[in-house]
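S.K.: predicted model follows, preceded by the sequence.
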Amino acid sequence: MEKRSGGKMWEIIPFMTMFLVEGCTIALTITAKSAMAIGMSQFVFVAYSNALSSVLLLVYCLIYHRDSMKMIFNRDLLTRFFLLGLTGITIAQNLAFTGLRDSSPIVVCAMGLLLPSFQFFLNLILRKAELKLRNKSTKIKIIGVLLSIMGAVMVAVYLGPSILNGPIIGPIMFHLKGSTKPFFIFISTTEEWMFGTFLLACATFFIAIWSIIQVSTFTRFPDMMVIVTCYTIFGTIQTFFVDIIANGDLNAWKLKWDLELLIIVLTAIFGTLVRSRIQAWIMSMKGPMYVAMFKPAGIFWANFFGESFFGTLCYGSVIGTIIVGVGYYTVLWGVKEEAKKAEQDSIKSASSDIKAPLLHNQNAQEQV
């Protein structure tokens, strides 16, 4: 009985951990949006948070991955690190936080769930996959992609009325000095709503490109922490260069001991050390598909925070995000079915290779 209860507990721990990680991610997203709403530049936020992440990752790798760090000075690897930093940080993060500024965390969830659909299209374009319409897995993935697109369009076009007149628990009563407006802000109903949604979708598209480059890089250099460290450093350098040009006001780069600095530190520590290590730990136990399954949990947390403390969620964004979530799981289902079929085909191929020489030997014996 003790083994069974221990086994059940060991199953619950990864589930609850991933669920809470998504909740913390949404909470930090709300905090970052709130800071940008009161004047913090998204370019400054991206540059400084990645700079701190680079320092933390570099120290970690010099302590625990020193041997691997000596092998990175290769032209092919350095080019890949440059492209990973460009697509995953310089382009994707700046687009994402600019889009967040003009939308809401639940839109971030919706556009992030388009990732498998973009990966499906990119694999077809790059001829890494074939469009076999007769296959069950392909049909499932196409249905998932169509659902994701429908949901994303609904999120972008239709905001709809508020679900409730006010927050369920109560507003977070926190104000900055000299201001009567609350610090924490969930949604921005501005004219740039559709543009912000479009920027978030573009950010997800570049993350899809980044993920393809990352997978191929990992096959050549199988030390993920060193890969993350190197492309974060490249991305930070690129981001400072691009963002100083984009944000010409040098005063915006002066940090003070206030909430903006706290948000930058928390985002860097959580995103760099906490979330990446937890995901790597759970991937080693459950596989990458298990971690991917928890991405739509952000919908729950966005709804929970939005209605509990802000009361500003709208029907259009919630329903559209749920549809995108269904599409996300449908595409993952198609990917799983494709992997299952490939495994079955390899087993059949292996068994036929074994049977062939046996039959050959049997025929030879009969002839004798």
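M.R.: Thanks, I have it.
S.K.: centre-most residue in this structure?
M.R.: Nearest residue to the geometric centre of the chain (CA atoms, centre = their mean): G112, 6.4 Å.
S.K.: that one and A292 touch, don't they?
M.R.: No. When contacts are counted by CB atoms under 8 Å, G112 is not listed as touching A292 (11.4 Å). All C-beta spots, glycine's among them, are computed from the backbone N, C-alpha and C.
S.K.: on that earlier part again, and for the nearest residue to the residue nearest to the centre of the chain once chain neighbours are set aside, the neighbour number?
M.R.: Computed as CB to CB, 6 or more residues apart in numbering, the closest residue to G112 that is not its neighbour in sequence is T204, at 5.8 Å. When neighbours are counted by other CB atoms under 10 Å, T204 registers 24.
S.K.: helix, strand or coil: sort out T204 for me.
M.R.: helix (DSSP: H, G, I helix; E, B strand; the rest coil).
S.K.: identify the residues contacting it.
M.R.: Shown in contact with T204 (CB atoms under 8 Å, 6 or more residues apart in numbering): 92, 111-112, 114-115, 118.
S.K.: and the gap between it and W10?
M.R.: 33 Å (CB to CB, to the nearest Å).
S.K.: backbone torsions only: list them for D223.
M.R.: phi -130, psi 90 (degrees, to the nearest 10).
S.K.: tell me the contacts of it?
M.R.: So D223 contacts 65, 68 (CB under 8 Å, 6+ apart).
S.K.: oh, and call the first residue 566 from now on, that's how I've got it
M.R.: New numbering, starting at 566: the last item is D788.
S.K.: for I637, see how far away it is.
M.R.: 9 Å.
S.K.: just for the stretch 566-715 of the chain, where's the confidence low?
M.R.: 566-574 (pLDDT under 70).
S.K.: all helices of it, in order?
M.R.: 567-602, 607-629, 631-634, 640-650, 657-666, 670-677, 680-690, 701-722 (DSSP state H, counting those that start in this stretch).
S.K.: what residues are up against the nearest residue to A721 once chain neighbours are set aside?
M.R.: Excluding its sequence neighbours, the residue lying closest to A721 (CB to CB, 6+ apart) is T762, at 4.1 Å. Going by CB under 8 Å, 6+ apart, T762 touches 664, 668, 672, 676, 717, 720-721.
S.K.: having no further points to raise, I will conclude here.
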